[in-house]
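>>> Just to be clear, the model below is a prediction. Sequence and coordinates:
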Amino acid sequence: MTLKKTCVVTGGGGFLGSHLCGRFLERKWRVIAIDNFLTGNEKNIEPFKENEAFELIRHDVSKPIRVLGQVDYVFHFASPASPLDYLQFPIQTLKVGALGTHNALGLAKDKKAVFFLASTSEVYGDPLVHPQTESYWGNVNPVGPRGVYDEAKRFAEALTMAYHRAHKMDTRIIRIFNTYGPRMRLHDGRAIPAFLSQALTGKPLTVFGDGHQTRSLCYISDMVDGIEKLLLFSMNEPVNIGNPNEISMVDLAKKIIRMTGSSSHIVYKALPEDDPKVRRPDITKAKKYLSWIPKVALEEGLDHTIKYFKEALRKK
């Protein structure tokens, strides 16, 4: 009989982390979620609690991590991820990127486990290269308000590669581009949750700047597929995972108004400092080595997400 794999997911109560927990429970793995719920939501993992293969540890991973027994994979997904969050929790964001990554790497090293770092497209900053390839070093303002998140992730990547080189650890680094879907918080602050919450409650949709800045939006199931494929492929250098189809923020707002049947209108506000003007992944590496491409079209993904938001607002 094959022994069940065990994975640790830091930030397991978050949007991405909880979907990851769900995927590996489906694979019949033992899943240990670690979260202090600074920005995570315990409701995200409520369905898993009756599963014998699932365990929740309430813990801040900026402090040393202790897990008993065998661990095969350590996924480090703990971090505030929206601008609202990391501007509210700048020190915690830096600590989880630095100390949290160090502690998660230490756990993986101790358990001889594969270490998987959730990095971000924000390591590219406000890019001067478009689309962004993994070889691009980025254009980041280290002392701007967004620097706490951008530099935390850049440091986390550097630390992960240092452990890979110095300790011969098997590591992965995924650079996650904008991802959306069910379990996002109503007031997450990112474009899709903000627009949906506003449209479904009849409030004006807030578009920053002239609205022509672009994002590339990947549905959660596609992202989790990409994560799983990268985990099972031996590649230690960073890999972009995201949807290469760009949309401007004003076009996204108009699409959401149309799809929700909302009577809301659009209002424009000043663009936040260091807000990226463009964001689109070059996914050549993911296609070549992982045979991964996103499958879920934007309207299909938005349809699923709208249904979730309607239900969440009804329960509020």
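Thanks, I have the structure now.
>>> So what's the residue count around the residue lying closest to residue 136 once chain neighbours are set aside?
Spatial nearest neighbour of residue 136, chain neighbours left out: residue 129 (4.6 Å); criterion: Cβ to Cβ, 6 or more residues apart in numbering. Where C-beta positions appear, they are placed from N, C-alpha and C, glycine not excepted. Neighbour count for residue 129, taken as other Cβ atoms under 10 Å: 14.
>>> Residue 214 versus residue 129, what's the distance?
Distance, residue 129 to residue 214, using Cβ to Cβ, to the nearest Å: 14 Å.
>>> what does residue 82 give?
According to Cβ to Cβ, residue 82 and residue 214 sit 18 Å apart.
>>> which stretches of the protein form strands?
Assigned strands in the chain, in chain order: 6-10, 30-35, 54-58, 73-76, 114-120, 171-176, 179-180, 205-208, 214-216, 218-219, 239-241, 246-248, 266-269 (criterion: DSSP state E).
>>> Each with direction, which strands does the third one pair with?
Here strand 54-58 is paired, per DSSP bridges, with strand 30-35 (parallel).
>>> relative orientation of the partner strand and strand 6-10 in degrees?
10 degrees (axes from the mean of the first three to the mean of the last three Cα atoms, to 10 degrees).
>>> got the buried residues for strand 30-35?
Neighbour counts over strand 30-35 (16 or more other Cβ atoms under 10 Å) mark 30, 31, 32, 33, 34, 35 as buried.
>>> Stretch 145-152 too?
Using 16+ other Cβ under 10 Å as the test for burial, stretch 145-152 gives 146, 147, 148, 149, 150, 151, 152.
>>> if we can go back for a sec, take the buried residues of strand 30-35 and write them to JSON lines, including pLDDT.
Listed next are the buried residues of strand 30-35 as JSON lines, based on pLDDT from 0 to 100:
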{"residue": "30", "pLDDT": "97"}
{"residue": "31", "pLDDT": "98"}
{"residue": "32", "pLDDT": "98"}
{"residue": "33", "pLDDT": "98"}
{"residue": "34", "pLDDT": "98"}
{"residue": "35", "pLDDT": "98"}
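>>> Among the residues you listed, which one lies nearest to residue 238?
residue 34 (23.4 Å; Cβ to Cβ).
>>> my read: the closest one touches residue 17, true?
No: Residue 34 is not in contact with residue 17 according to Cβ atoms under 8 Å; the separation is 9.1 Å.
>>> Now list whatever residues contact both of those two.
Taking Cβ atoms under 8 Å, 6 or more residues apart in numbering as the criterion, residue 34 and residue 17 both touch 9, 10, 11, 78.
>>> returning to what we had before: give me the subset of the buried residues of stretch 145-152 lying in helices.
Using DSSP state H to define helices, the subset of the buried residues of stretch 145-152 located there is 147, 148, 149, 150, 151, 152.
>>> need the contact list for the fourth one.
Same thing as residue 150. Contact partners of residue 150, counting by Cβ under 8 Å, 6+ apart, are 122, 123, 125, 138, 140, 141, 142.
>>> And the last one, how close does it get to residue 149?
Read that as residue 142. Separation of residue 142 from residue 149 (Cβ to Cβ): 11 Å.
>>> follow-up on the earlier one: for the strands of the chain, could you give me TSV that also reports distance to residue 227?
Formatted as TSV, these follow (distance: least, Cβ to Cβ, whole Å):
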stretch	distance to residue 227
strand 6-10	11
strand 30-35	14
strand 54-58	18
strand 73-76	8
strand 114-120	8
strand 171-176	6
strand 179-180	10
strand 205-208	29
strand 214-216	17
strand 218-219	11
strand 239-241	7
strand 246-248	22
strand 266-269	34
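>>> thinking again about what came up before, among the shared contacts of residue 34 and residue 17, which one lies nearest to residue 196?
For these, the nearest to residue 196 is residue 11 (22.5 Å; Cβ to Cβ).
>>> my read: the closest one touches residue 80, true?
No: taking contacts as Cβ under 8 Å, residue 11 lies outside contact range of residue 80: 9.5 Å.
>>> Who has more neighbours out of those two?
residue 11 (31 against 24).
>>> How many residues are close by the residue nearest to that one when sequence neighbours are not counted?
Nearest residue to residue 11, sequence neighbours excluded (Cβ to Cβ, 6+ apart): residue 78, at 3.5 Å. When counting by other Cβ under 10 Å, one arrives at 31 neighbours for residue 78.
>>> what ranges of the protein fall below the confidence cut-off?
1-3 (pLDDT under 70).
>>> what about 50?
Within the chain, the segments meeting pLDDT under 50 span 1.
>>> now the helices: where do they sit in it?
Going by DSSP H, the chain shows helices at 15-26, 83-88, 90-95, 101-111, 147-167, 191-200, 220-231, 249-260, 284-290, 298-315.
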